[in-house]
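Undergrad: sequence and predicted structure are below.
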There are 4 protein chains.
Amino acid sequence: MYSIFETKIIVRPDDIDMNNHVHYSRYLDYILMARYDQMKKDYKVAMEEFVDRGFSWVASEVNIQYKRPIFLADGTISVRTQLEEFNGARVMINFWIVKGENEKIAAQGQVNYTMITVKNGKPTRVPDDIVEQYQI
Amino acid sequence: MYSIFETKIIVRPDDIDMNNHVHYSRYLDYILMARYDQMKKDYKVAMEEFVDRGFSWVASEVNIQYKRPIFLADGTISVRTQLEEFNGARVMINFWIVKGENEKIAAQGQVNYTMITVKNGKPTRVPDDIVEQYQI
Amino acid sequence: MYSIFETKIIVRPDDIDMNNHVHYSRYLDYILMARYDQMKKDYKVAMEEFVDRGFSWVASEVNIQYKRPIFLADGTISVRTQLEEFNGARVMINFWIVKGENEKIAAQGQVNYTMITVKNGKPTRVPDDIVEQYQI
Amino acid sequence: MYSIFETKIIVRPDDIDMNNHVHYSRYLDYILMARYDQMKKDYKVAMEEFVDRGFSWVASEVNIQYKRPIFLADGTISVRTQLEEFNGARVMINFWIVKGENEKIAAQGQVNYTMITVKNGKPTRVPDDIVEQYQI
């Protein structure tokens, strides 16, 4: 069982759609932002390092359950993510988006990211030194 | 087995992210656009009619597999959706996003939408006359 | 001369476009976010109060000069805005988006917002009590 | 006086904000899309050609007046643009966004784009052969 890390995100007016809550696709943007933040802050291998080594990450699967709407008035929400497992070029991440004093779950699910070599766009096995640094 | 309907969508420059392909959250925007289009064009019950009757739809779950990147140069893509089943306030939709002459699959998956009563935000059983009109 | 207020905004990965910097339309989203924040934090008349009184604000003109790109690596930027003048239903706002330790200007310009009555969408003279509260 | 070219754009549900009309920053996305489309369709020098020659375009100034809201129900809108003048590395473009049978103006204004050399990000005088091809 790996650690759960957290990123605070402030809801922006442009995230709100005609239903007066955060648009359903923006949840994926919140998750991506949390991963970038936590790669740097918690795992100590920032996205820039991957890019410097010729790698990048693309999403290969998302599974998200929307539990409660997020309103502009919610102000700041928390996105928590956790490494579930590495599998070759893939990493599976669990996530929870929570809001309010009672930290009610607004959404939860899993994202699969695939590491690619930028030059050819091909999936590439995540190097051992990175796998090690992420297993915290 | 219900019909599969199709909507053509033109990729916009603002859909492209730093990886030079369509940003992963924009796929959900394409699916939403296809549903709106097909509700009107194919099922003949446009979103406006739901709103007039005091209803709206919110996404309650999305499951999406990304198979191939979509580039700006792909120009026009097709989003196909199909009713899988109605279940009380919920409707499950299968979708496929295809591109190019060979109609290769860029992404596929399922979305669950829940019909709500706008006034109280509560899930509401889809009325029989609508269920009927959608079962084509 | 009215006060200049400031809002810190964290750049999100989804703000970045194919040129690897913040997409030019997202600057308008940053400005809007800053205004919402400052209406509440500095002017003490939050957007919700306008809505409660049956009013809303829409942009009627934007003039923006882009001076320097904003990168994801810039992390947090500052959006400063200042009331220039009230004119009936309109308010003119000066803004500056600055970044980095040296607070270099990434963009600057003016936005004109028009207050409308939500019910009919018509421009409506800003009430005196609000004008007064904003003249700080 | 140069030619005015036109691009049809279909409003997407994700373009709509909490005010139930197209979000004010999305107008800039519509303009960008129109320019990309017209560079290829009308001027016969597609963005890809600029990139192939090591160039790119960035916005250096936008001046936009919002005249009428655009609703999802408006369906398809038209974005018309016209070259105003070339000036070294800069090109000034006039634009009009029109909607409906009566082609009422939803927004109008000007955008200044600056051509840059991708490698160093520096403004670069637009080559004569391109200037010529755009003066139609």
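TA: Done, it's in.
Undergrad: what's the spacing between residue A:47 and residue A:86?
TA: As judged by C-beta to C-beta, to the nearest Å, residue A:47 and residue A:86 stand 17 Å apart. Backbone N, C-alpha and C define where each C-beta goes, glycine included.
Undergrad: residue A:80 now?
TA: Taken as C-beta to C-beta, the span from residue A:80 to residue A:86 is 19 Å.
Undergrad: up against chain C, what does chain A have?
TA: Proximity of chain A to chain C, by C-beta under 8 Å from any C-beta of the partner chain, involves residues A:9-10, A:12-14, A:26, A:29, A:32-33, A:36, A:48, A:72-73.
Undergrad: what about the nearest residue to residue A:14 once chain neighbours are set aside, which SS state?
TA: The shortest distance from residue A:14 to any non-neighbouring residue, by C-beta to C-beta, 6 or more residues apart in numbering or on different chains, is to residue C:29 (4.0 Å). Recorded secondary structure, residue C:29: helix (DSSP: H, G, I helix; E, B strand; the rest coil).
Undergrad: correct me, but residue C:29 touches residue D:25?
TA: Yes: here residue C:29 reaches residue D:25: they are 5.2 Å apart, a contact under C-beta atoms under 8 Å.
Undergrad: pull up the overlap in contacts between these two.
TA: residue A:14 (C-beta atoms under 8 Å, 6 or more residues apart in numbering or on different chains).
Undergrad: grab the longest strand from chain A for me.
TA: In chain A, assigned by DSSP state E, the strand with the most residues is strand A:104-117.
Undergrad: same for that one, what does it pack against?
TA: helix A:26-41, strand A:55-66, strand A:90-99, strand A:122-123 (3 or more C-beta pairs under 8 Å, 6 or more residues apart in numbering or on different chains; DSSP states H and E).
Undergrad: one more time with 6 Å
TA: strand A:55-66, strand A:90-99 (3 or more C-beta pairs under 6 Å, 6 or more residues apart in numbering or on different chains; DSSP states H and E).
Undergrad: apart from its neighbours in sequence, what residue is nearest residue A:134?
TA: residue A:43 (5.3 Å).
Undergrad: count the neighbours of that neighbour for me.
TA: For residue A:43, the neighbour count with other C-beta atoms under 10 Å in any protein chain shown is 17.
Undergrad: what angle separates whichever strand or helix holds residue A:81 from helix A:26-41?
TA: If you go by DSSP states H and E, residue A:81 is part of strand A:76-87. In terms of direction (axes from the mean of the first three to the mean of the last three C-alpha atoms, to 10 degrees), strand A:76-87 departs from helix A:26-41 by 70 degrees.
Undergrad: what about strand A:76-87, distance to the chain center?
TA: Mean C-alpha position of strand A:76-87 versus that of the full chain (C-alpha atoms, centre = their mean, to the nearest Å) differs by 6 Å.
Undergrad: who touches that strand?
TA: The contact list for strand A:76-87, computed with C-beta atoms under 6 Å, 6 or more residues apart in numbering or on different chains, reads A:2, A:4, A:6-10, A:30, A:34, A:70, A:92-99, A:126, A:131, A:134.
Undergrad: give me the buried entries from those residues.
TA: When these are checked for burial by 16 or more other C-beta atoms under 10 Å in any protein chain shown, the buried set is A:7, A:9, A:30, A:34, A:70, A:92-99, A:126, A:134.
Undergrad: what's the nearest residue to the residue of chain A most remote from its centre if we skip its chain neighbours?
TA: Most distant residue from the mean C-alpha position of chain A: residue A:18, 25.2 Å away (C-alpha atoms, centre = their mean). Leaving aside its chain neighbours, residue A:18 sits nearest to residue D:16 (4.4 Å; criterion: C-beta to C-beta, 6+ apart).
Undergrad: shouldn't the one you found be in contact with residue A:20?
TA: No: if you go by C-beta atoms under 6 Å, residue D:16 and residue A:20 don't touch, sitting 11.2 Å apart.
Undergrad: so for those two, which sits in the more crowded spot?
TA: residue D:16 (20 against 15).
Undergrad: can you pull up the bridge partners for the more buried one?
TA: Taking DSSP bridges, one obtains residue D:22 as the residues bridged to residue D:16.
Undergrad: repeat for residue A:123
TA: Going by DSSP bridges, residue A:123 forms beta bridges with residue A:116.
Undergrad: wait, it touches residue A:114, no?
TA: Yes: counting by C-beta under 6 Å, residue A:123 touches residue A:114, with 5.1 Å between them.
Undergrad: joint contacts of the two?
TA: Common neighbours of residue A:123 and residue A:114, counting by C-beta under 6 Å, 6+ apart, are residue A:89.
Undergrad: which one of those two is surrounded by more residues?
TA: The residue with more neighbours, out of residue A:123 and residue A:114, is residue A:114; 20 against 15, by other C-beta under 10 Å.
Undergrad: residue contacts, the more buried one?
TA: A:58, A:60, A:89, A:90, A:123.
Undergrad: spell out which parts of chain A neighbour chain D.
TA: Proximity of chain A to chain D (C-beta under 6 Å from any C-beta of the partner chain) is limited to residues A:16, A:18, A:20.
Undergrad: pLDDT and distance to residue D:53 for these - can I get that in a markdown table?
TA: Output for those, formatted as a markdown table (pLDDT from 0 to 100; distance: C-beta to C-beta, whole Å):
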| residue | pLDDT | distance to residue D:53 |
| --- | --- | --- |
| A:16 | 96 | 41 |
| A:18 | 91 | 42 |
| A:20 | 91 | 46 |
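Undergrad: interface residues of chain A facing chain B?
TA: A:24, A:25, A:28, A:29, A:59, A:60, A:61, A:62, A:63, A:64, A:65, A:66.
Undergrad: excluding its backbone neighbours, what's nearest residue A:88?
TA: That would be residue A:125: by C-beta to C-beta, 6+ apart, it lies 5.2 Å from residue A:88.
Undergrad: the one you found should be in a strand, yeah?
TA: No: read with three-state DSSP, residue A:125 is coil and lies in no strand.
Undergrad: and it, what pLDDT?
TA: Residue A:125 is assigned 96 on the pLDDT scale.
Undergrad: do residue A:1 as well
TA: pLDDT at residue A:1 comes out at 89.
Undergrad: please apply the same query to residue A:19.
TA: Reported pLDDT for residue A:19: 89.
Undergrad: again with the one 3 residues further on
TA: Residue A:22 carries a pLDDT score of 97 in this model.
Undergrad: I'd assumed residue A:12 was in contact with it.
TA: No: if you go by C-beta under 6 Å, residue A:22 and residue A:12 don't touch, sitting 9.2 Å apart.
Undergrad: more neighbours: those two, which one.
TA: Neighbours were tallied for residue A:22 and for residue A:12 using other C-beta under 10 Å; the higher tally belongs to residue A:22 (26 against 21).
Undergrad: how near is the more buried one to chain C?
TA: Relative to chain C, residue A:22 is positioned 13 Å away (C-beta to the nearest C-beta, to the nearest Å).
Undergrad: over to residue A:74?
TA: If you go by C-beta to the nearest C-beta, the gap between residue A:74 and chain C works out to 13 Å.
Undergrad: run a quick neighbour tally on that residue.
TA: For residue A:74, the count of nearby residues is 17 (other C-beta under 10 Å).
Undergrad: check residue A:62 too.
TA: Around residue A:62 there are 26 residues (other C-beta under 10 Å).
Undergrad: same thing with residue A:119?
TA: 8.
Undergrad: need the buried ones from the residues of chain A next to chain B selected in ChimeraX.
TA: Here is the ChimeraX command that selects the buried residues among the residues of chain A next to chain B (16+ other C-beta under 10 Å):
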select /A:24,25,28,29,59,60,61,62,63,64,66
